[in-house]
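Asker: return a 3D structure for these sequence lines:
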Amino acid sequence: MIVYFLQVSYIAAAWTDAKLGAEGRKDLFEWLSKQLSRLTEFPDAVQLLKPASSALTDKSLDVRKAAETCIAEILRVCTQETVEKLVRDV
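Answerer: Numbers count the residues shown, from 1 in each chain. Reported below is the predicted structural model:
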(Lines give C-alpha, C1' and ligand atoms only; values in the text may rest on other atoms or scores of the structure.)
Protein backbone atom coordinates (compact mmCIF):
# COMPACT_ATOMS: atom_id res chain seq x y z
CA MET A 1 0.00 0.00 0.00
CA ILE A 2 1.37 3.41 -0.99
CA VAL A 3 0.69 6.29 1.39
CA TYR A 4 0.67 9.81 0.01
CA PHE A 5 1.32 12.74 2.26
CA LEU A 6 0.04 16.03 0.95
CA GLN A 7 0.66 19.08 3.11
CA VAL A 8 -2.60 20.91 2.49
CA SER A 9 -1.55 24.20 4.08
CA TYR A 10 1.53 24.51 1.85
CA ILE A 11 -0.47 23.84 -1.30
CA ALA A 12 -3.12 26.43 -0.40
CA ALA A 13 -0.40 28.98 0.38
CA ALA A 14 1.38 28.31 -2.92
CA TRP A 15 -1.79 29.04 -4.91
CA THR A 16 -1.95 32.54 -3.44
CA ASP A 17 1.76 33.32 -3.83
CA ALA A 18 2.06 36.24 -6.26
CA LYS A 19 5.50 35.03 -7.38
CA LEU A 20 4.04 31.78 -8.73
CA GLY A 21 2.42 33.19 -11.87
CA ALA A 22 -0.25 31.66 -14.08
CA GLU A 23 1.93 28.85 -15.44
CA GLY A 24 3.00 27.87 -11.92
CA ARG A 25 -0.59 27.84 -10.66
CA LYS A 26 -1.66 25.70 -13.61
CA ASP A 27 1.21 23.29 -12.98
CA LEU A 28 0.37 23.07 -9.29
CA PHE A 29 -3.29 22.30 -10.05
CA GLU A 30 -2.26 19.63 -12.55
CA TRP A 31 0.22 18.10 -10.11
CA LEU A 32 -2.33 18.04 -7.30
CA SER A 33 -4.98 16.52 -9.58
CA LYS A 34 -2.54 13.74 -10.45
CA GLN A 35 -1.73 13.10 -6.78
CA LEU A 36 -5.40 13.05 -5.77
CA SER A 37 -6.32 10.74 -8.66
CA ARG A 38 -4.18 8.05 -6.99
CA LEU A 39 -6.17 8.23 -3.75
CA THR A 40 -9.54 6.78 -2.89
CA GLU A 41 -10.18 8.99 0.12
CA PHE A 42 -8.49 12.10 1.54
CA PRO A 43 -10.90 14.12 3.71
CA ASP A 44 -8.28 16.83 4.43
CA ALA A 45 -8.45 17.85 0.78
CA VAL A 46 -11.71 19.65 1.55
CA GLN A 47 -9.55 22.48 2.93
CA LEU A 48 -8.35 23.07 -0.64
CA LEU A 49 -11.84 23.54 -2.02
CA LYS A 50 -12.17 27.26 -1.21
CA PRO A 51 -8.73 28.30 -2.55
CA ALA A 52 -9.20 26.13 -5.65
CA SER A 53 -12.63 27.62 -6.27
CA SER A 54 -11.20 31.12 -6.29
CA ALA A 55 -9.02 30.08 -9.24
CA LEU A 56 -12.16 29.60 -11.34
CA THR A 57 -12.08 33.39 -11.84
CA ASP A 58 -8.40 33.51 -12.83
CA LYS A 59 -7.50 35.51 -15.96
CA SER A 60 -5.75 32.50 -17.45
CA LEU A 61 -7.97 29.97 -19.21
CA ASP A 62 -5.38 27.25 -18.54
CA VAL A 63 -5.48 27.94 -14.80
CA ARG A 64 -9.29 27.86 -14.80
CA LYS A 65 -9.37 24.54 -16.65
CA ALA A 66 -6.72 22.99 -14.37
CA ALA A 67 -8.59 24.28 -11.29
CA GLU A 68 -11.85 22.77 -12.53
CA THR A 69 -10.21 19.36 -12.96
CA CYS A 70 -8.58 19.65 -9.54
CA ILE A 71 -11.87 20.58 -7.86
CA ALA A 72 -13.46 17.46 -9.34
CA GLU A 73 -10.66 15.36 -7.80
CA ILE A 74 -10.99 17.14 -4.45
CA LEU A 75 -14.71 16.41 -4.38
CA ARG A 76 -14.09 12.80 -5.35
CA VAL A 77 -11.65 12.07 -2.50
CA CYS A 78 -13.56 13.95 0.19
CA THR A 79 -16.46 12.33 1.92
CA GLN A 80 -19.88 13.73 1.12
CA GLU A 81 -20.36 14.61 4.79
CA THR A 82 -17.17 16.68 4.81
CA VAL A 83 -18.16 18.62 1.70
CA GLU A 84 -21.70 19.24 3.00
CA LYS A 85 -20.30 20.62 6.25
CA LEU A 86 -18.02 23.00 4.36
CA VAL A 87 -20.81 24.18 2.07
CA ARG A 88 -23.08 24.85 5.05
CA ASP A 89 -20.38 27.09 6.53
CA VAL A 90 -20.16 29.07 3.30
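
Asker: could you list the low-pLDDT ranges of the chain?
Answerer: 1-6, 89-90 (pLDDT under 70).

Asker: mind doing that once more with 50?
Answerer: Scanning the chain with the threshold set as pLDDT under 50 gives 1-3.

Asker: what about the helices in it?
Answerer: For the chain, applying DSSP state H gives helices covering 8-15, 21-37, 49-54, 61-77, 80-89.

Asker: so which of those helices comes closest to Pro43?
Answerer: helix 80-89 (5.0 Å; C-beta to C-beta). For the C-beta atoms, the positions are set from N, CA and C on the backbone; glycine is no exception.

Asker: what angle sits between that closest one and helix 61-77?
Answerer: 120 degrees (axes from the mean of the first three to the mean of the last three C-alpha atoms, to 10 degrees).

Asker: return the set of buried residues in helix 80-89.
Answerer: Buried residues in helix 80-89, counted by 16 or more other C-beta atoms under 10 Å: Thr82, Val83.

Asker: and for that helix, what are the contacting residues?
Answerer: Helix 80-89 is touched from outside by Pro43, Val46, Leu49, Lys50, Leu75, with contacts defined as C-beta atoms under 8 Å, 6 or more residues apart in numbering.
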